[in-house]
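A.B. asks: coords please:
(2 chains)
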Amino acid sequence: MNLVRVRFAPSPTGFLHIGGARTALFNWLYAKHAGGTFVLRVEDTDKSRNTEEAAAAIYEGLHWLGLEWDEGPQVGGNFGPYFQSQRDEIYERYLQKLRDAGHVYEDNGAIRFRSPREHVVVDDIVCGKIDFDLTNAETHPDITIRRPDGGWIFHFVNVVDDIEMKISHVVRGEDHLSNTPKHIELYRSLGAEPPRFAHIPLILNKDGSKMSKRDVGASLNTYVESGYLPEAVRNYLCLLGWSPKDNREKIAIEEVVRLFELEKINRKSAHFDLEKCSWLNGEYMKELPNERFQELAWAILVRAGIDLSQFSPEYVRAALDTCVGKVRTFAELPAYCGFYFRDDFEYDAQAAAKQFTPQNRQLLTTLREAFDESAHFDASSLEALFKTIAANLQIKVGPLVHPTRLAMTGSSAGPSLYHLLEILGKEKVLARIDRALTTFW
RNA sequence: GGCGCAUUCGUCUAGUGGUUAGGACACGGCCCUCUCAAGGCCGGUGCACGGGUUCGAUCCCCGUAUGCGCUGCCA
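C.D. replies: Next comes the predicted model:
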């Protein structure tokens, strides 16, 4: 019987760090792969007031990524409570054990753990065997486990909880590697068998600098609010420090679960590349069922301050349909299709200088007449109309399309012109040509 | 400073004691095309450096450099 029990033990800071999200992901992957249990434990030893509120951001992030925990807050379990702030009695009990065995002493009101002063070998699944020499008290001072005010220190409660919760594998960030020998000393002094350790490399910024709270993209929330797809972000995170070894980039989570091994995690820290994450997001967006695309698109447009209620649902739906497959993230959508929902947009200055020439004024006037007289205003009729006019003038359709697009959207890039003309409808199309004509000439 | 970990294209990575060192993102070019994307084709850039070991090292060993982490009565 070798039950795998892993945990994600964040401290409630009010947001889920992208590195923490990946740590949670790797724990979750290993639990799923091994048929084990994924525990969520909130390390709120700081006794900060709004623990529940701050922890909520972590729950939301995990839920968003689809990393459901088997034990912990909201779901319960046999090893609770899952908040360190509620486990005081347990810590008292373990402290007494250390006291009884003479492993602790008081120092200015704080309680410190007396190191056995030996070599400790950490046999890490990712980093290999590392021999730490803890014999020198100058370089490796005894750790404090309790503050004078009674507050507990991370090293102690973390170890106690992992013992109590029967954690079999500690999968955490490499920033804890140097702490691990001290933790092992604690396990031994408490008469407990240390778990297996797997220290995963950190995630750094693209330029190699440390990713701090302030960096764009450091919080998972950035991706949620920018309209990234959780499956895309999760996929990208899987590829940071792990790979299926067969060149696959877009890979179903079930497949990752099947292939995932702690032994195959890289030892090198990874730089977060938003470009690649966005590309992957675009790949997922292409396969999005239309319903979900519409739903997410509406949400991002409303968030961007566009009042969709003044348009018919059919109009909005048709407008959004012209954007499918054209953007990599939903965050790009408001700028991409905003012209459908407002008439007072700005014109791209560079494009205007190029397209709104005296010569093109004549073309726009010609087009206006043709639109006005056109009995049909669907995309294919419009396309035929453009081609007829171009043929009559002995020019390509490009010279007709470009100024028209700019007049309709204010931009030189956008959805298919013929389709957007159909959706805007004759009335708006004529009005927008008039607006361009009066604005620029 | 001490201790620890790391080092394959700009980035994520595959890989081996003898390979034309593979893929992806990004980038450049071409094709397609109503624009932009998408798609297709082509292209450049990489084994940090110095010593060993070896017939031969990107791969093994030792240094150096650089980066990151720990060195808290933070987690």
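A.B. asks: use CA for all of it now, contacts and neighbours both
C.D. replies: Noted.
A.B. asks: is stretch A:205-215 in proximity to RNA strand B?
C.D. replies: Yes - remark: stretch A:205-215 sits within contact range of RNA strand B at A:Lys206, A:Asp207, A:Gly208, A:Ser209, A:Lys210, by CA under 7 Å from any atom of the strand.
A.B. asks: can you flag the buried ones in those residues?
C.D. replies: Listed as buried from the residues of stretch A:205-215 next to RNA strand B is no entry at all; burial here means 16 or more other CA atoms under 10 Å.
A.B. asks: any regions of the stretch 1-150 of chain A where pLDDT drops low?
C.D. replies: Applying pLDDT under 70 to the stretch 1-150 of chain A picks out residues A:1-2, A:47-50.
A.B. asks: check contacts around A:Ser412.
C.D. replies: With contact taken as CA atoms under 8 Å, 6 or more residues apart in numbering, A:Ser412 is in contact with A:Asp348, A:Ala351, A:His402, A:Arg405, A:Leu406.
A.B. asks: pretty sure the third one sits in a helix.
C.D. replies: If I follow you right, that is A:His402. Yes - assessed with DSSP: H, G, I helix; E, B strand; the rest coil, A:His402 lies in a helix.
A.B. asks: residue of the stretch 251-400 of chain A nearest RNA strand B, please.
C.D. replies: Closest to RNA strand B within the stretch 251-400 of chain A is A:Lys276: 3.2 Å, counting by CA to the nearest atom of the strand.
A.B. asks: farthest residue from the center of chain A?
C.D. replies: The centre of chain A is farthest from one residue, A:Asn392, which by CA atoms, centre = their mean lies 53.0 Å away.
A.B. asks: SS state for that one?
C.D. replies: Local secondary structure at A:Asn392 is given as helix here, using three-state DSSP.
A.B. asks: where do the strands sit along the stretch 201-350 of chain A?
C.D. replies: Counting by DSSP state E, counting those that start in this stretch, one finds strands in the stretch 201-350 of chain A at the ranges A:203-204, A:270-271.
A.B. asks: could you say which of the ones you listed is packed most deeply?
C.D. replies: Each of these was given a mean neighbour count from mean count of other CA atoms under 10 Å, and the largest, a mean of 22, is that of strand A:203-204.
A.B. asks: angles on the backbone of A:Phe8, please.
C.D. replies: A:Phe8 has phi and psi values of phi -110, psi 120 when expressed as degrees, to the nearest 10.
A.B. asks: how many residues are close by A:Ile329?
C.D. replies: Careful, residue A:329 is Thr and not Ile. One way to gauge burial is a neighbour count; for A:Thr329, by other CA atoms under 10 Å, it gives 23.
A.B. asks: report the contact partners of it.
C.D. replies: With contact set as CA under 8 Å, 6+ apart, A:Thr329 has these partners: A:Ser226, A:Gly227, A:Tyr228, A:Ser278, A:Asn281, A:Gly282, A:Met285.
A.B. asks: which phi and psi does the third one have?
C.D. replies: Going back to what we said before, that points to A:Tyr228. phi -70, psi 160.
A.B. asks: quick one, what contacts A:Glu71?
C.D. replies: The contact partners of A:Glu71, taken as CA under 8 Å, 6+ apart, are A:Thr37, A:Phe38, A:Val39, A:Leu40, A:Gly77, A:Asn78.
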